[in-house]
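[1] one predicted model, sequence on top.
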Amino acid sequence: MPTTVQTELDSYRAAFKAEGATSRRLLSAFPEARVDARPAPSAQPAREVAWTMVLTMMVVDPILAGELMPTGMPPAPDKWSDLLAAFDETHAATLAKLAKLDDAALSGPVKMPIGPGTIGEMRRGDALRMFLNDQIHHRGQLSVHLRMAGGKVPSIYGPSGDEAWF
C-alpha cells in the first residue's frame, strides 16, 4: 500500500481543519440559555471558554507576522449566535491564510510570551501548533461545561456517552 508523505504544513492544515470542525460541533451542542453557567465560582463561564477557542485562531496573523505580544483581547459577544458566527468566520479566514503559506513560513521565529513574565522567541510552526492544542484544551473544558449544563456531548475522538458510533 502506498504511503503519502505530508509536510509539516500539510499536517497542520489538516489538523486545524479537523479540530475546528470538532470544536464547532461542540459549540453547536451548547444550550444557549446556559452559556453563562460556571461549573465552580472561580471558573470562567462557558461563553468565555468558548470565546477563548475563537481567540486561539485569531493569533495566527500575529504569529505569521513574527510577533505576538500581550494586548487587550476583544470581549466575547453577548449573543451566542454572534460567537458561533465569529468562530465560523475566523476558522474560514484562517484556513484561507494557511492555504497561501509555504513550508518555509513555519521555520521563522515569532516573538511572544514563552513563560510567566518572559518574552522570547519560538519557531512559528511550534507556536501555531501550541495554539491549536490550546483550542483543543479549551474544547475539553467546554465539554465539561456542556455536560453540567445538561447538554449532549458529541463524539470528539471517539464515541461519547451521548453519541455512540455503533
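    Okay, I see it.

[2] tell me which residues of the biggest helix by length in the chain are tucked away?
    Of all segments of type helix in the chain, defined using DSSP state H, the longest is helix 124-148. Neighbour-count burial for helix 124-148, counted by 16 or more other CB atoms under 10 Å, picks out 124-125, 127-129, 131-132, 135-136, 138-139, 141-143, 145-146. Quick note: C-beta positions are derived from backbone N, CA and C, even for glycine.

[3] helices or strands up against it?
    Applying 3 or more CB pairs under 8 Å, 6 or more residues apart in numbering; DSSP states H and E, one finds that helix 124-148 contacts helix 8-29, helix 46-58, helix 60-65, strand 109-115.

[4] switch the cut-off to 6 Å
    helix 8-29, helix 46-58, helix 60-65 (3 or more CB pairs under 6 Å, 6 or more residues apart in numbering; DSSP states H and E).

[5] what's the mean pLDDT across the shortest one?
    What it means is helix 60-65. The average pLDDT for helix 60-65 rounds to 93.

[6] which residues are contacting it?
    For helix 60-65, the surrounding residues in contact (CB atoms under 6 Å, 6 or more residues apart in numbering) are 68, 94, 110, 124, 127-128.

[7] same thing with stretch 68-78?
    Counting by CB under 6 Å, 6+ apart, 47-48, 51, 55, 59, 62, 83, 110, 112 sit against stretch 68-78.

[8] report the distance from that stretch to the chain centre.
    Mean-position distance between stretch 68-78 and its chain equals 15 Å (CA atoms, centre = their mean, to the nearest Å).

[9] quick check: buried residues in that stretch?
    Buried-residue list, stretch 68-78, by 16+ other CB under 10 Å: 68, 76-77.

[10] nearest residue to the middle of the chain?
    Gln135 (2.9 Å; CA atoms, centre = their mean).

[11] Ser107: neighbouring residues, count only.
    Counted with other CB atoms under 10 Å, the neighbours of Ser107 add up to 10.

[12] if we can go back for a sec, would JSON lines of the contacts of stretch 68-78 with neighbour count be doable?
    Converted to JSON lines, those look like this (neighbours: other CB atoms under 10 Å):
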{"residue": "Arg47", "neighbour count": "23"}
{"residue": "Glu48", "neighbour count": "16"}
{"residue": "Trp51", "neighbour count": "22"}
{"residue": "Leu55", "neighbour count": "17"}
{"residue": "Val59", "neighbour count": "19"}
{"residue": "Pro62", "neighbour count": "16"}
{"residue": "Leu83", "neighbour count": "21"}
{"residue": "Val110", "neighbour count": "22"}
{"residue": "Met112", "neighbour count": "22"}
